[in-house]
Each structure stands twice: as C-alpha cells, then as structure tokens.
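Novice: Sequence and predicted structure, then a few things I'm wondering about:
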Amino acid sequence: MNPTLDFDSENSIQMTPSPFLKGFTLYTKEKCGFCIKAKNVLVAQGIHEYNVIPCDEYLQTNRDLFLKQMDDFTLNPQHRTFPMIFYQCEFIGGFKELIGFLKSFPKTTDSVDWKNV
C-alpha cells in the first residue's frame, strides 16, 4: 500500500501517515539499499503483506515537519536512517533491528541465510 500525501486542510501542512495498526509498516526512500533488503527479508520470511510509505516526497516538500513527525512516531529523535520500520505501530528500528526482531518472530523460518540478505 502506498498512501498519497495527506494535508491538514486548516493549515495546508503535509502530514505523514501514521504507522499501521496491523502488520509491518516500512518508511522508505526510493534508492535505499537497506529499504530494498528489508522488503526482501520480509518476503523471504513468508510475510508478503506489509505497508510501504515512500518518504522521498515528504523529505523534499517539508523535511523538518517530516522529521518531527517521525520523531513522534519512533519516540527516538536520534533515528535518522532508512528504512524506519514498525510492527503494529511499535517502532522496531532499521534493517539491522528488523533482522533481530524477525529471529524471534513466530513466522521466522530457519531456512533464511541471514548473512546473504
């Protein structure tokens, strides 16, 4: 799912979509290698349904507002790398943290070669 830009009608301010309540939400950038790897790892784990929020336009339109909103979502103002990954609205972290999370995730299989993802 790729949401369109949302605007606050009163203030004409671009609003970043919140993380989804169910499943994984990935905030990504178009040419981000770790964003691509994160999607590939989810698929390798049998997780084919996840939400992707492309952030390039948000960053170009109003970077400061976007980063403020991401600080609010992540509760971690120090996290500035992509992807920014959530599971059921809870911030996991980036690609490295996703790997750790999936190792304890119920759908994880032992067949994934983690060094080659």
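Specialist: It's in.
Novice: which residues touch the helix or strand harbouring V43?
Specialist: Take DSSP states H and E as the rule and V43 turns out to sit in helix 33-44. With C-beta atoms under 8 Å, 6 or more residues apart in numbering as the test, helix 33-44 has contacts from 24, 26, 28-29, 48, 50, 52, 81-83, 85, 94-95, 98-99, 102, 112, 117. From N, CA and C alone the C-beta is placed, and that goes for glycine too.
Novice: how does it look with 7 Å?
Specialist: Helix 33-44 is contacted from outside by 24, 26, 28-29, 50, 82-83, 85, 94-95, 98-99, 102, 112, 117, using C-beta atoms under 7 Å, 6 or more residues apart in numbering.
Novice: And for stretch 80-91?
Specialist: Stretch 80-91 is contacted from outside by 19, 21-29, 32, 34-35, 38, 70, 73-76, 92-95, 98, 101, using C-beta under 7 Å, 6+ apart.
Novice: measure L65 to L21 for me?
Specialist: Going from L65 to L21 by C-beta to C-beta, to the nearest Å gives 23 Å.
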